[in-house]
Structures are given as C-alpha cells and as structure tokens.
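K.L.:
Using only what follows, build the 3D model:
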Amino acid sequence: LQYAILRANLEWTPQGLVSTKPENVKKEQSALLTDLVCSEPSFVVVVAIDFGTTSSGYAYAFTKEPECIHTMRRWEGGDPGVSNQKTPTTILLTPDRKFHSFGYAARDFYHDLDPSESKHWLYLEKFKMKLHTTANLSIDTDLHAANGKRVKALDIFAYALAFFKEQALKELSDQTGSEFDNNDVRWVITVPAIWKMPAKQFMREAAYKSGLVSRENAEQLIIALEPEAASIYCRKLRLHQMVDLGTHTTQNGFSPTDNVGSGMAQAKEHVRRNRQSRTFLVENVIGELWSELEEGDRYVVVDCGGGTVDLTVHQIRLPEGHLKELYKASGGPYGSIGIDYEFEKLLCRIFGQDFIDQFKIKRPAAWVDLMIAFESRKRAAAPERTNPLNINLPFSFIDYYKKFRGHSVEHALRKSNVDFVKWSSQGMLRMSPDAMNSLFKPTIDHIIQHLTELFEKPEVSNIKFLFLVGGFAESPLLQQAVQNMLQGRSRIIIPHDVGLTILKGAVLFGLDPSVIKVRRSPLTYGVGVLNRFVEGKHPAEKLLVKDGTRWCTDVFDTFIAADQSVALGEMVKRSYTPAKPSQQVIVIHVYCSEKEIVGFISEPGVKKCGTLRLDVSGTESTAPRREIQTLMQFGDTEIRAMAVDVSTGRTVKASIDFLSH
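P.N.:
Predicted coordinates for the structure are as follows:
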C-alpha cells in the first residue's frame, strides 16, 4: 500500500531526478497515516507508569471502560504525614548487584541493615535527574549508589520498570481471575516535556531491557510528556475535583481569601476520606470547567515535580476538544529536590562539608533517615506558619559527629553563625519557619522567574487558566508565590490528588494518543549535505571540487525548525542514494540546534545529536540509480523514521539513534 501511494505521487523531472507532485503531498501524508493507524494493534488495557524523581506509581484502565481509571494498590510501608499513594523512587541491589527491592520495601530493608553490612549494598534514590543533567547521555552512563559505588544507569531503570511490570500484571491477573498476558497491555511511560531526545530514547531502551516491551513490538510502548498528560486530565475536571485559587467566591467550602494552606488541608481531607477507593471516574463528557473554555482559549500547565518543572501552553480546538501546543515546553531542573539540596548546604554550613561527605559514605542508611525526617517537615512549611519545625537527628549522626570532631552537635550549632537553627533538648534541630522558607526560596524564585518570562511572550497572552500540578504543587509556599506573581491575570486551578494528575492523564493519553493534535518542535533538526557551490552565496572555505564539479560542504539541510508547529503524524520526506550499489547500510548524521535558522553544520551551537540508519541489505535492485525514500514523523512525542526502496517497493529498516556518540 505504501509503495503504491508513493509510486502514484512520483514523476520524472527533466534532470532525471525523482520529485513529488506538490499537490499530492498532503494526500500522501494522510494515506501513510491511515496505513500506520490501521496497523495499530488493539489492547485490552492501558497501564501508565509515572516514573518520578521522588516517587513513582502506576495506574490503568480497560479499553472497554475508558472512564474508569484504577490506581495501584496501597504500598506497604509509608511515612507519617506523607501520602503514600505512590512509592518512593528508591531501589536496592544486593552486594552482588542483583535486584532486591523497590520503593518503601527497599528503603525499610536498607534502613534495618547493620552499618557494617549496609555499606556493601547498593541503594539509589532520586536517580531520574541524571537523565536530564548528563550532557552526553549514552547507554553506558553510570549512576552512584549511596555507598559511592558506580552502577550502570540502564540496569537501574530496567530493574525499576521490570518491578512495575510485575506489580501491574499481578494486580491485573488478580482482578481478571486469570493469568494476564503482557501482549494485551499498552504501556505508557511519562517523561518531562523538556527532556531531550537521548533521555526519551534511554527510557525506551530501558523498557526493552526490562522486558516491558520488545523492539519488534515497539508501538506497544508510548512515551507521554508529563505536562501534556496533566493537561489531558485537567480538561476532564469537574468543579468538585479541584481547588480554585483564582475566584473570589467560596468554592469547595472555603474562600480563596483564606490561607491557601487551609484550602489545601480541606482538599487533602476530602482525598483522605476517598482514599479507600482507588478507582477514579473520569467524566466522559467535557468537564464543567472545560465548558467555560471557548475555541481558541489558552491555558498554561505548570507541572512541578521532584526533579523538574515543566511549563506548557495549550490552546483548545473545538468541537472535539483537541489540544494544540502554542509554545514549546520550557522549564528546568527546579523541582522540590532543590529544597533538599539547600538543606544539605545548611548542614554543611553548621557541621562542615568534610563531615557531611564522610557521614553520607560511612552511614548511608542514617543519611537516608535524616532526609526522610526532613521530608515530612518540609511538607509542613506554609506562609502563615509561626511555630518552629523540629527535625529528628539520627542517633548515629550525633554519635559519629562526636567521634569525627571531638565535640558535640550542640557545640557545633552554638559555634556556627546559623542563628535560626537551634538545638532542642529532645535531640532535634529546631528550625524557625523563616529558616525553612528560605530553603524553598531559590527553587521557587527559579519557577517564578520562568513563569514571568513565559507570560511576557506574545504567544502567551490572555491565559484563562493556570493549572498547577505535580507533587510540589501541594506546597502552600509555591501556591502563594504563583498567586502573587499572576495578580489575578488568570485563574489558578489545583486538582485534588494533585500528585496523581499526570498518572491519570497518562492513562487517558494511552487510550487516545491523537488527543494532542499540534506540538511545537523544541529544536531545529537536519542533516549535513553537499550542495552545488554558488559564488557569492557560499563561503570560499566550504568549496570542494570533485570530478570537476564545485560543491559546497557542510550545508545544513533542515527537516524541521525550532518552535515550528507540527501536526500529529506530519511527515518530512527526503530521498537518499547509496554511494555504492553494493552498500548495505546508509548512515546519515542528524544535527540539532536551538536556533531557528541554521546554514551550516559547523555553526556555533549546532550539535551532532543522532544517527539515521537505513538498512538496505536484502533490497538489491537492478535499477541504475537506487533511491531510498525516507519519511520522518515529528509531530509525536518521539521522532520516528520509515523508509522505502523506491525501485523495489520494499520497506527499509530505518531508525534514529540519539544515544551513540
């Protein structure tokens, strides 16, 4: 079918080269799309995995009941004062590097190990950020465990996904009363929208390694962008499912002029009462909130997670309620773990960097304990708070410090210049509310700066709603800062169970991936080519004379430009010819840049970011000139490539690799 479509749309030009009739390009795209969509396999259930920086979980819905989204069973363990609908993103490997446990189970087992034993075990937490912060991410990228030992990042991510696969399939088997077949599952994994292509591909590679899906059935896995998933869920909201900080009427039983924190407390109480039910009914009609939106209305989704903050601007397209991304996703590594780093810096000021570094290596389990104690106090920080926050110091911290320095923790606090942290007689660090709030300030300032810059863009005018989602969105300090910055320019909506918004939206996305119709390309993508040299247009140093013909080297042939609108399924078509008839593989380097207009691959800021491989073995042809027609799809969450050998009509294996350097 693909071959017939392509052949019908080709004609010979006087130069004897193949070109496409312009009027047929759109027809060809839609026919190819139809072919792709028709070959979509059918699934019984969609399972979404929200692989978070600080906590993770899964949710699912049967395709026959798309409005019923089930969240995972309650996890064993849990912390006082912290909702445990998700489990911490922590993983424990045995001393011989075999998978032992994940989440609360990993943390609790590690905590109970004797210090002499625990230093041999490999414990990892908050490791997802490595995929965002590593400049040259590859299959061989390493992570560091709490004891300082290195371990392959791909192994850790694969172990985690295998754990979720096992948990979800077991729950589905229990629910259906028979062994559930993995082939009946469409898997969805969420990633930040600001992640670059290598990080998204890394997640896919980990999924292959974990056995979640196979390379042969690559379409069984969809990578979903976190703020997009949140956006899809938010449009289903009814008024009783959210806290609205932007109206001046009483809503959900409280007035927005009340302390923001009290509103969230009531919302949390509502959630706690409904915690027993793990099934969320998503209205299969457009929600009440959505009914206020008209064609062309714009809204912002601010996804505040543990590691990153993602900002996405969407526009509503009626009547179907499809979404169009108006401005490319922006944000950065400004998630709530920034507050943990600030706390660590504070401890270094009081007790010395040398001691903290040593303590983390020598007593890794006690360090984890200290950060758990900080986590629950961190969640109690609020703008109006007046009473201090007490943080338990583990006994081994107090004991190890005395051995290390020769004097007590109390002495260190007295001697340090940090006067807003005191020592309480119960063996706790006592922080004033201002001290705690100051730990939040750098992270919140980054978010507010990003939002301020975003709202100054011409594409981002007349924003009707701002949806605040992700676990960090529960912070009253962040809510108040966003409210102060917006000054009533748009309404702030916070869904109940804000930490599960992405998870539930990811299930909806898996049920209908075509809901986002238009995205913006974050980067300019292209390949390096030779063009005929034009005197006066091309620089002299780019001239290459070959067999009497003058060529210009290093020309950047653009596939798609940064910030360009791309429709779902939109194809970019290029033709390539093997240099030698006997060639088995065509390898083409893909380059990218943040600039919209790029002339040459040698320009500053242009990076080689991937390799397009076309496997032409087994498609030998008698034609004097072999042409491989390549179609690249950019409107999806991942870039995909397909190729056809024009002379034989056979499909050629095509893949874009962003992880090889």
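
K.L.:
pLDDT below threshold where in the stretch 1-150 of the chain?
P.N.:
By pLDDT under 70, the weakly predicted segments of the stretch 1-150 of the chain are 1-41, 74-84.

K.L.:
Equivalent analysis for the chain, please.
P.N.:
Looking at the chain by pLDDT under 70, you get 1-41, 74-84, 238-242, 246-293, 318-321, 619-624, 661.

K.L.:
quick check: domain ranges of it?
P.N.:
45-227, 336-438, 523-657 (the TED database).

K.L.:
Dump those domains to a markdown table, plus distance to residue 322 and mean neighbour count.
P.N.:
The C-beta positions use only the backbone N, C-alpha and C, and glycine is treated the same way. Formatted as a markdown table, the domains of the chain follow (distance: least, C-beta to C-beta, whole Å; neighbours: other C-beta atoms under 10 Å):
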| stretch | distance to residue 322 | mean neighbour count |
| --- | --- | --- |
| domain 45-227 | 16 | 19 |
| domain 336-438 | 32 | 16 |
| domain 523-657 | 9 | 16 |
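
K.L.:
Serialize these to a markdown table and add fields for distance to residue 450.
P.N.:
As requested, those are exported to a markdown table (distance: least, C-beta to C-beta, whole Å):
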| stretch | distance to residue 450 |
| --- | --- |
| domain 45-227 | 11 |
| domain 336-438 | 13 |
| domain 523-657 | 16 |
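
K.L.:
among those domains, which is nearest residue 237?
P.N.:
domain 45-227 (13.2 Å; C-beta to C-beta).

K.L.:
What is the end-to-end distance of the closest one?
P.N.:
One end of domain 45-227 sits 22 Å from the other (C-alpha to C-alpha, to the nearest Å).

K.L.:
Distance from the chain centre to it, please.
P.N.:
13 Å (C-alpha atoms, centre = their mean, to the nearest Å).

K.L.:
go on, stretch 496-504?
P.N.:
The mean C-alpha position of stretch 496-504 is separated from the chain mean by 15 Å, C-alpha atoms, centre = their mean.

K.L.:
so how far does that stretch reach from one end to the other?
P.N.:
Rule used - C-alpha to C-alpha; the end-to-end distance of stretch 496-504 is 12 Å.

K.L.:
likewise stretch 138-146?
P.N.:
Stretch 138-146: ends 22 Å apart by C-alpha to C-alpha.

K.L.:
can you list contacts of that stretch?
P.N.:
93, 122-125, 127, 130, 134, 150-154, 156, 198, 202, 205, 360, 364-365, 367-368, 659-661 (C-beta atoms under 8 Å, 6 or more residues apart in numbering).

K.L.:
Among the residues you listed, which ones are in strands?
P.N.:
Secondary structure from DSSP state E places 93, 122-125, 150-152 of the contacts of stretch 138-146 in strands.

K.L.:
which pair in these spans the largest distance?
P.N.:
Across those (C-beta to C-beta), the longest gap, 16.8 Å, separates 125 and 152.

K.L.:
related to what we said a few turns ago, do you know which of the domains of the chain lies nearest residue 444?
P.N.:
Across those, closest to residue 444 is domain 336-438 (C-beta to C-beta), at 8.9 Å.

K.L.:
quick revisit: out of the ones in strands among the contacts of stretch 138-146, flag the one nearest to residue 113.
P.N.:
For the ones in strands among the contacts of stretch 138-146, the nearest to residue 113 is residue 123 (9.2 Å; C-beta to C-beta).

K.L.:
Pretty sure the closest one sits against residue 92.
P.N.:
Yes. Applying C-beta atoms under 8 Å, one finds residue 123 in contact with residue 92, separated by 5.3 Å.

K.L.:
so what's in contact with these two at the same time?
P.N.:
With C-beta under 8 Å, 6+ apart as the test, residue 123 and residue 92 both reach 106, 110.

K.L.:
didn't residue 592 look like it was pressed against residue 527?
P.N.:
No. With contacts defined as C-beta under 8 Å, residue 592 does not count as touching residue 527, sitting 10.5 Å away.

K.L.:
helix or strand right after the helix or strand hosting residue 61?
P.N.:
For residue 61, the host element (DSSP states H and E) is strand 55-62. Next helix or strand after strand 55-62 toward the C-terminus (DSSP H and E): strand 68-71.

K.L.:
Which other helices and strands does that following strand contact?
P.N.:
strand 55-62, strand 279-281, helix 501-511 (3 or more C-beta pairs under 8 Å, 6 or more residues apart in numbering; DSSP states H and E).

K.L.:
out of these, which comes closest to residue 458?
P.N.:
helix 501-511 (27.9 Å).

K.L.:
what's the next secondary structure element after that closest one?
P.N.:
Using DSSP H and E, the first helix or strand after helix 501-511 is strand 516-520.

K.L.:
now the strands for the stretch 551-661 of the chain?
P.N.:
Along the stretch 551-661 of the chain, the stretches classed as strands by DSSP state E, counting those that start in this stretch are 565-567, 571-576, 585-593, 607-615, 628-633, 640-645, 651-657.

K.L.:
Check the stretch 201-350 of the chain too.
P.N.:
Going by DSSP E, counting those that start in this stretch, the stretch 201-350 of the chain shows strands at 221-225, 242-244, 279-281, 298-304, 309-317, 322-332.

K.L.:
which of those sits most buried?
P.N.:
Ranked by mean neighbour count, these are led by strand 298-304 with a mean of 26 (mean count of other C-beta atoms under 10 Å).

K.L.:
helices and strands around it, which ones?
P.N.:
Using 3+ C-beta pairs under 8 Å, 6+ apart, strand 298-304 sits against helix 226-234, strand 309-317, helix 433-455, strand 463-469.

K.L.:
For residue 380, which of these is the nearest?
P.N.:
That would be helix 433-455 among those, by C-beta to C-beta, at 8.2 Å.

K.L.:
For that closest one, what is the distance to the chain centroid?
P.N.:
Using C-alpha atoms, centre = their mean, the offset of helix 433-455 from its chain centre is 21 Å.

K.L.:
For it, give me every contacting residue.
P.N.:
Taking C-beta under 8 Å, 6+ apart as the rule, helix 433-455 contacts 300, 302, 304, 309, 311, 313, 327, 330-332, 334-336, 338-339, 342-343, 346, 377-378, 381, 383, 385-389, 420-421, 460, 463, 475, 477-478, 481-482, 485-486, 489.

K.L.:
Please enumerate the helices of the stretch 51-200 of the chain.
P.N.:
For the stretch 51-200 of the chain, the helices defined by DSSP state H, counting those that start in this stretch cover 104-112, 115-118, 130-133, 153-176, 197-210.

K.L.:
would you list those helices in TSV and tack on distance to residue 190?
P.N.:
Formatted as TSV, those follow (distance: least, C-beta to C-beta, whole Å):
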stretch	distance to residue 190
helix 104-112	21
helix 115-118	32
helix 130-133	13
helix 153-176	12
helix 197-210	9
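
K.L.:
and residue 599, which of the ones you listed is closest to it?
P.N.:
Among these, helix 197-210 sits nearest to residue 599 (C-beta to C-beta), with 22.4 Å.

K.L.:
Can I get the closest one in CSV, CA atoms only?
P.N.:
Only the C-alpha atoms of helix 197-210 are listed here, as CSV (Å, rounded to 0.1, in the frame of the first residue of the first chain):
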residue,chain,number,x,y,z
MET,A,197,15.7,13.0,22.6
PRO,A,198,18.5,11.0,24.1
ALA,A,199,16.7,10.9,27.5
LYS,A,200,13.5,9.7,25.9
GLN,A,201,15.3,7.1,23.9
PHE,A,202,17.1,6.0,27.1
MET,A,203,13.7,5.3,28.7
ARG,A,204,12.7,3.2,25.7
GLU,A,205,15.9,1.2,25.8
ALA,A,206,15.4,0.5,29.5
ALA,A,207,11.9,-0.7,28.7
TYR,A,208,13.3,-3.1,26.1
LYS,A,209,15.9,-4.3,28.5
SER,A,210,13.3,-4.8,31.3
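
K.L.:
now the angle between strand 651-657 and it, please.
P.N.:
110 degrees (axes from the mean of the first three to the mean of the last three C-alpha atoms, to 10 degrees).
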